[in-house]
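J.: Everything below, folded, please.
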Amino acid sequence: MKIFKNVQFFQLTLYLIALHSFCVGVGLIVLPFGVLSWFGFTVDPYRFFSTQGGVFHVVMSIAYILAARNPLHEKSLVLLIILAKWIAFFFLGFYFLFAEMVPVIAISAVTDGFMGLIVMVFFLELYAEEDSESV
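T.: Numbers count the residues shown, from 1 in each chain. This is a model prediction of the structure:
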């Protein structure tokens, strides 16, 4: 599919994923206890785990931005992004099914899986093209 062979569209996709991750991260860090509980989260009174999760999301948003600047030369970083999204998908999915059936966890699982799939398809299309050109 031609859309997945467009480097500029891949860059835009990575920037949008970075924005999403950054916003989730900042939300986890700064939202008050009451707001987090609206989403079905059990609130840690010390806020350590929500803040830690927020910092992780902000760090990952930096990785997405670094990869987006030149995705064809950041193959390892793009692979890390795909791996992180698929691990998040499986973790959240299993957590939802076997620990807490909180709707926002299921939504997060599906969203991460979708983002991981999109990045993976771009990766496969763009790097397959790059590999065939170098032969």
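J.: Alpha carbons of the helix-or-strand element of the chain with minimal mean pLDDT, in CSV - could you do that?
T.: Ranking every helix and strand in the chain by mean pLDDT, DSSP states H and E puts helix 33-38 at the bottom, with a mean of 79. Output in CSV follows, covering the C-alpha atoms of helix 33-38 (Å, rounded to 0.1, in the frame of the first residue of the first chain):
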residue,chain,number,x,y,z
PHE,A,33,-6.1,11.7,42.6
GLY,A,34,-9.8,12.3,41.9
VAL,A,35,-9.3,12.7,38.2
LEU,A,36,-7.3,9.5,37.9
SER,A,37,-10.0,7.6,39.7
TRP,A,38,-12.5,8.7,37.0
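J.: next SSE after that helix?
T.: Remark: after helix 33-38, the chain's next helix or strand is helix 48-69, criterion DSSP states H and E.
J.: on that earlier part again, and the least confident helix or strand of the chain, how far out from the chain middle?
T.: With Cα atoms, centre = their mean, to the nearest Å as the basis, helix 33-38 stands 22 Å off its chain's centre.
J.: Pull out the buried positions in the lengthiest helix in the chain.
T.: Secondary structure of the chain per DSSP state H: the longest helix is helix 103-134. Residues 105, 108-109, 111-113, 115-116, 118-120, 122-123, 125-126 are the ones in helix 103-134 that count as buried (16 or more other Cβ atoms under 10 Å). Backbone N, C-alpha and C define where each C-beta goes, glycine included.
J.: So which elements touch it?
T.: Contact here means 3 or more Cβ pairs under 8 Å, 6 or more residues apart in numbering; DSSP states H and E; on that basis helix 103-134 packs against helix 7-30, helix 75-98.
J.: Which one, of those helices, ends up nearest to His57?
T.: Closest to His57 of those is helix 7-30 (Cβ to Cβ; 3.0 Å).
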